[in-house]
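> Next input, structure requested:
(chains A and B)
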Amino acid sequence: MTRHHPDSLSLMDYSAGNLSEPLALCIRLHLDECPECRGRVDMLESLGAVMMEQQPKVAIKEDMFSAILARIDGDDTEADSPDGNVGVAPKITPKQSALQKLLGEDINQLPWKRQLGDVSVLDISDRFPGQRQQVVLQKLAAGGKAPAHTHRGEETTIVLQGAFADQNGVFNQWDYVVLNEEHEHKPVAVGCEDCITLSVLSGPVKLTGTFARMLNPFIR
Amino acid sequence: MSTLEQSPSGSEGRKDPWSQLLQKVGSSQDREAYHKLFEHFGPQIKYYAIANGLASHAEELVQEVFVSIWRRATLYDWRKAAASTWIFTIARNQRIDMLRKMQRTSAEMAMETEDLWQIPGENEDEPVTSLHRLMSERRIRESLSHLPEEQITVIAKVYMEHKSHQVVADELNIPLGTVKSRVRLALNKLKVILQDQNV
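Numbering: from 1, shown residues only, chains lettered A, B, ... in the order given. Here you go, the predicted model:
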């Protein structure tokens, strides 16, 4: 069970479709495992529907409906044709998660870059073309420690595997947390698995501990 | 079928008329029901497109939304979402899709719009008792009428104009904190906020 959830304003931005793709992914991954937040998003989407209903309406030419019918009739023809299996059937992917599409079957097998002792990182920003935010995977080896650091701007993180702990608590798989410049932390991977997180950064991380001048694993 | 609109609380229980129509589209490709949905939601979606800055593509968006409604209607389950909520999410996703295509990012991305943005009910296998969701739409509609104008204005900009809270703050010339507290107050009254304090 997840214990750290996105706040209501983030869920609202999600339901309105106002988030960047990397941030939407973080929320979506959390939603897939959190019935409580899913219920809240459902309600927020209802709020969107009610807002839409209460706005002005703009008249539509009736011939547009014929155009739409022509399109869906085209669907039927395709479905009837011998080689056409596109048809009416909606494009529903079998339960292959967004994450698998993005990263493949096994996140442990990715080309991780070892930074120092316990920390590996992988920058996946290029998988979100057209985004300005930096997107990184971070892996903290089981039982390992990351150097103390704080954040410039905001860092939104979702735990993909394992768990980490810092002075703010324990963050388990699918927990969602936003850190900013006020949070200095020194995460430790807990449990017997490597802890893997996906983070969306609006600004670079700033090391604060003794390693700061030597190595900047989270800095680009 | 012509009695649908007059008897939303008949033997079909709590299904609202639009949800009944949408289900007919899904179960029997009912084109008359589809046309009624088009007449009701088409003009709303057209305004949604214009408010979102897609004025020159507004009719195109309406078309894409309705084609998508037809193709997905078999997946619609009235127990999991009211038709208006479900259609709002289809409109939102098609709007996102259209922008992605304009920016040509969709071709390069491994994920599709719907991998990121959920359609209510579709990612759930459990037979949820979602009457509370239908109730909640009714409740939201009722409590919205009691909200102060300044709160509704902010919410409308977020949903209809695709604006972040920061942009809304700039436009209304008020601090970001004020925008956020207006939204929180509104969500509180709408009972959307559960326990932010404990999170």
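> From now on I want contacts and neighbour counts done on CA atoms only, so please keep to that.
Fine.
> Please enumerate the strands of chain B.
For chain B, applying DSSP state E gives no strands.
> my bad, chain A
A:113-116, A:119-123, A:134-140, A:149-151, A:155-161, A:163-166, A:169-171, A:176-179, A:188-190, A:195-201, A:205-207.
> among those, which gets the worst mean confidence?
Here the strands of chain A differ in mean pLDDT, and the lowest is strand A:205-207 at a mean of 58.
> now the most centrally placed residue in chain A, nearest residue through space, not along the chain?
Centroid check for chain A by C-alpha atoms, centre = their mean gives A:Cys26 as the closest residue, at 1.9 Å. What sits nearest to A:Cys26 in space, not counting adjacent residues and going by C-alpha to C-alpha, 6 or more residues apart in numbering or on different chains, is A:Ile158, at 6.0 Å.
> Tell me the bridge partners for that neighbour.
Going by DSSP bridges, A:Ile158 is paired in beta bridges with A:Tyr176, A:Leu198.
> Let me see the contact set for it.
Contact analysis of A:Ile158 by C-alpha atoms under 8 Å, 6 or more residues apart in numbering or on different chains lists A:Cys26, A:Leu29, A:His30, A:Gln173, A:Trp174, A:Asp175, A:Tyr176, A:Val177, A:Thr197, A:Leu198, A:Ser199.
> The residue nearest to the centre of chain A against A:Val159, yeah?
No. Assessed by C-alpha atoms under 8 Å, A:Cys26 is found out of contact with A:Val159, at 9.2 Å.
> Can you work out which residues contact both of those two?
Shared contacts of A:Cys26 and A:Val159 (C-alpha under 8 Å, 6+ apart): A:Tyr176, A:Leu198.
> quick one: which of the strands of chain A is nearest B:Trp18?
Counting by C-alpha to C-alpha, B:Trp18 lies closest to strand A:176-179 out of the strands of chain A; the figure is 35.7 Å.
> Give me the contacts around the closest one.
For strand A:176-179, contacts defined as C-alpha under 8 Å, 6+ apart pick out A:4-6, A:26-27, A:30, A:151, A:154-159.
> Output that strand as CSV - backbone C-alpha positions only.
Written as CSV, here are the backbone C-alpha positions of strand A:176-179 (Å, rounded to 0.1, in the frame of the first residue of the first chain):
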residue,chain,number,x,y,z
TYR,A,176,5.2,9.8,-4.8
VAL,A,177,7.2,12.6,-3.3
VAL,A,178,8.1,16.2,-4.2
LEU,A,179,11.3,17.7,-2.9
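> Only the buried residues of that strand, if you could.
A:Tyr176, A:Val177, A:Val178, A:Leu179 (16 or more other C-alpha atoms under 10 Å in any protein chain shown).
> Could you give the number of residues near A:Cys192?
Applying other C-alpha atoms under 10 Å in any protein chain shown, we find 11 other residues in the vicinity of A:Cys192.
> likewise B:Ile96?
Summarising burial for B:Ile96: neighbours were counted as other C-alpha under 10 Å, giving 17.
> Same check on the one 3 residues further on?
By other C-alpha under 10 Å, the residues close to B:Leu99 number 14.
> can you check B:Glu171 too?
B:Glu171 has 11 neighbouring residues, counting by other C-alpha under 10 Å.
> Would you quantify the distance from A:Val200 to chain B?
15 Å (C-alpha to the nearest C-alpha, to the nearest Å).
> Now do that residue: how many residues are near it, please.
Using other C-alpha under 10 Å: A:Val200 sits among 23 other residues.
> Touching, it and A:Ser20? I think so.
No. Judged on C-alpha under 8 Å, A:Val200 makes no contact with A:Ser20 at a distance of 9.9 Å.
> Once you drop chain neighbours, what's closest to residue 50?
Going with chain A. Spatial nearest neighbour of A:Val50, excluding adjacent residues (C-alpha to C-alpha, 6+ apart): B:Arg141 at 6.2 Å.
> my bad, chain B
In this structure, B:Ile50 finds its nearest non-sequential neighbour in B:Ala58, 6.0 Å apart by C-alpha to C-alpha, 6+ apart.
> same thing with B:His35?
Here the residue nearest B:His35, using C-alpha to C-alpha, 6+ apart, is A:Phe65, at 7.6 Å.
> Tally up the residues packed near the residue nearest to B:Ile50, please.
Neighbours of B:Ala58 (other C-alpha under 10 Å): 22.
> Report pLDDT for it.
In the prediction, the pLDDT value recorded for B:Ala58 is 95.
> rewinding a little: relative to B:Ile50, which of the contacts of A:Ile158 is nearest.
Using C-alpha to C-alpha, A:Cys26 comes nearest to B:Ile50 of the contacts of A:Ile158, at 28.8 Å.
> residues in contact with the closest one?
Per C-alpha under 8 Å, 6+ apart, neighbours of A:Cys26: A:Thr156, A:Thr157, A:Ile158, A:Tyr176, A:Leu198.
> And the pLDDT at it?
96.
> Any buried residues in stretch B:154-168, and which?
B:154-165, B:168.
> Point out the ones among these that are inside helices.
B:Val154, B:Ile155, B:Ala156, B:Lys157, B:Val158, B:Tyr159, B:Met160, B:His165, B:Val168 (DSSP state H).
> Keep these, but drop any that are not near chain A.
B:Ala156, B:Val158, B:Tyr159, B:Met160 (C-alpha under 8 Å from any C-alpha of the partner chain).
> any idea how far A:Asp106 is from B:Tyr42?
That one is not Tyr; residue B:42 is Gly. As for B:Gly42, its distance to A:Asp106 is 44 Å (criterion: C-alpha to C-alpha, to the nearest Å).
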